[in-house]
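**Student:** Provided below are the primary sequence and the corresponding predicted coordinates.
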Amino acid sequence: MGEAIEFLRARKMLVCSGRAHPVLAEEVAYQLGIELLPIKVYDFANGEIYLRFLDSVRGSDVFVIQPHVNPINKSIMENLIMLDALKRASTKSITAVVPHFGYARQDKKHNSREPITARLMVDLLAAAGATRMVTVDLHSDQIQGFFNGPVDHLEAGPLLYKWVRRNVKDLTKVTVVSPDAGRTKASEKFATRIRGAKVAFIHKMRDVNQPNKTVSDVVVGDVRGRVCIVNDDLIDTGGTILSAINLLVEAGAKEIYVTATHGIFSKNAADKLEKSAAKAIVVTNTVPIPKRQQFKKLEILSIAPLIASAIDGIFHEEPLGALFQAS
């Protein structure tokens, strides 16, 4: 018994971050009451990445916070290099904390001779040294099964539910709208947290041969005269969301709000959404949102307390079920 107690006392939690989103990592570390593991990282003239951890990590449980953000391939490569460095430094365990998981939309084949790149991503993380993965709102739940180890798939839903309950005046007239049929289940779950809410979805056809190209068709469900909450996992170019907003206006929606976990805002998405009929666009900070991409209608909620709670629970070997139960 004495030896077991000494072993537990000797265990050490370390949290580190690459250059993808250091602000989020610092906030997580603050929530945990620790400092980030110091790291030296820079690019060679030819674009290769050099990286070295400046403190010992031997025997430690290390949590690597690195969302996959623009430039996405660089942030992924940096993520892999960090994991490899830790694996070769005699750590006890390595958890890849990936708030936004790159290539998640390529989780299946649409046409022949296509890759399943989401599976490749998981294999790369595991080969580099990750023994566990923590992520937030994957594009599809099936990606959890690609990783041959524990996956803690966190949900930003509770943050978004609370925002809606605080900011929407008439909750008895809310309809949660899925921007496509694939998000209907998530929208139904969202609606159960708002008393009296109904569910609708946009019937949408996507051209699989053209990226970021969609053709929205009709609104299926009761939205006329109602407060519509368009709920999605991410906003990239904003085309899908903007099309949904316009269709809801045509269908007679009284007010429109947009909630999403990942605010990518590629190209001119921010400008399009600011000019849209939506009253507010609410996202979390799973990815950094530069000042040039921020706009008046945008509200950013912090995901750091949720990630910190997950890290603390994993380190202390406690159940994480409470994190998945929306309040």
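**Tutor:** Here it is on my side, so go on.
**Student:** and the spatially closest residue to K296 that is not a sequence neighbour, what does it touch?
**Tutor:** Spatially, and ignoring its direct neighbours in sequence, K296 is nearest to E274 (6.3 Å; Cβ to Cβ, 6 or more residues apart in numbering). Backbone N, C-alpha and C define where each C-beta goes, glycine included. By Cβ atoms under 8 Å, 6 or more residues apart in numbering, E274 lies in contact with 295-298.
**Student:** Which of these fall in strands?
**Tutor:** If you go by DSSP state E, these have L298 in strands.
**Student:** Next, format the contacts of E274 as TSV and append distance to G33 and neighbour count.
**Tutor:** Formatted as TSV, those follow (distance: Cβ to Cβ, whole Å; neighbours: other Cβ atoms under 10 Å):
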residue	distance to G33	neighbour count
F295	34	16
K296	35	8
K297	35	17
L298	30	18
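**Student:** Need the max-distance pair from the contacts of E274.
**Tutor:** Between any two of the contacts of E274, the greatest separation by Cβ to Cβ is 7.2 Å, found for K296 and L298.
**Student:** buried set for stretch 23-42?
**Tutor:** Buried residues in stretch 23-42, counting neighbours by 16 or more other Cβ atoms under 10 Å, are found at 24-29, 31-32, 36-37, 39, 41.
**Student:** the helices in this structure, which residues?
**Tutor:** Using DSSP state H, the helices found in the chain span residues 2-10, 22-32, 72-87, 117-128, 157-167, 184-192, 239-250, 269-274, 304-315.
**Student:** Report the angle between the last one and helix 22-32.
**Tutor:** If I follow you right, that is helix 304-315. Angle between the axes of helix 304-315 and helix 22-32 is 60 degrees (criterion: axes from the mean of the first three to the mean of the last three Cα atoms, to 10 degrees).
**Student:** mind giving me the domain ranges of this structure?
**Tutor:** Under the assignment automatic domain parsing, the domains of the chain span 2-155+305-324, 157-301.
**Student:** Mean confidence (pLDDT) on the last one, please.
**Tutor:** What that stands for is domain 157-301. Mean pLDDT, domain 157-301: 90.
**Student:** and it, how far apart are its ends?
**Tutor:** Counting by Cα to Cα, to the nearest Å, you get 11 Å between the two ends of domain 157-301.
**Student:** now it: how far from the chain's centre is it?
**Tutor:** Relative to its chain's centre, domain 157-301 lies at 16 Å (Cα atoms, centre = their mean, to the nearest Å).
**Student:** related to what we said a few turns ago, against P179, how distant is the residue nearest to K296?
**Tutor:** 18 Å (Cβ to Cβ, to the nearest Å).
**Student:** In this structure D107 contacts A118, no?
**Tutor:** Yes. Between D107 and A118 there is a contact at 4.2 Å, judged by Cβ atoms under 8 Å.
**Student:** who has more neighbours, the two?
**Tutor:** More crowded of D107 and A118, by other Cβ atoms under 10 Å: A118, with 22 against 19.
**Student:** got a list of what that one touches?
**Tutor:** Listed by Cβ under 8 Å, 6+ apart, the contact set of A118 reads 101, 103-107, 139, 143, 146.
**Student:** same check, this time on V219
**Tutor:** With contacts defined as Cβ under 8 Å, 6+ apart, V219 is in contact with 177, 200-203, 247-248, 251.
**Student:** Neighbour-wise, which one of those residues leads?
**Tutor:** Counting by other Cβ under 10 Å, top hit in these: V177 with 34 neighbours.
**Student:** show me what contacts it?
**Tutor:** Neighbour list for V177: 187, 199-202, 219, 221, 223, 228-231, 244, 248 [criterion: Cβ under 8 Å, 6+ apart].
**Student:** Using JSON lines, lay out the residues you listed together with distance to K169.
**Tutor:** Formatted as JSON lines, the contacts of V177 follow (distance: Cβ to Cβ, whole Å):
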{"residue": "S187", "distance to K169": "21"}
{"residue": "V199", "distance to K169": "20"}
{"residue": "A200", "distance to K169": "20"}
{"residue": "F201", "distance to K169": "24"}
{"residue": "I202", "distance to K169": "25"}
{"residue": "V219", "distance to K169": "23"}
{"residue": "G221", "distance to K169": "21"}
{"residue": "V223", "distance to K169": "17"}
{"residue": "C228", "distance to K169": "14"}
{"residue": "I229", "distance to K169": "13"}
{"residue": "V230", "distance to K169": "18"}
{"residue": "N231", "distance to K169": "19"}
{"residue": "A244", "distance to K169": "22"}
{"residue": "L248", "distance to K169": "18"}
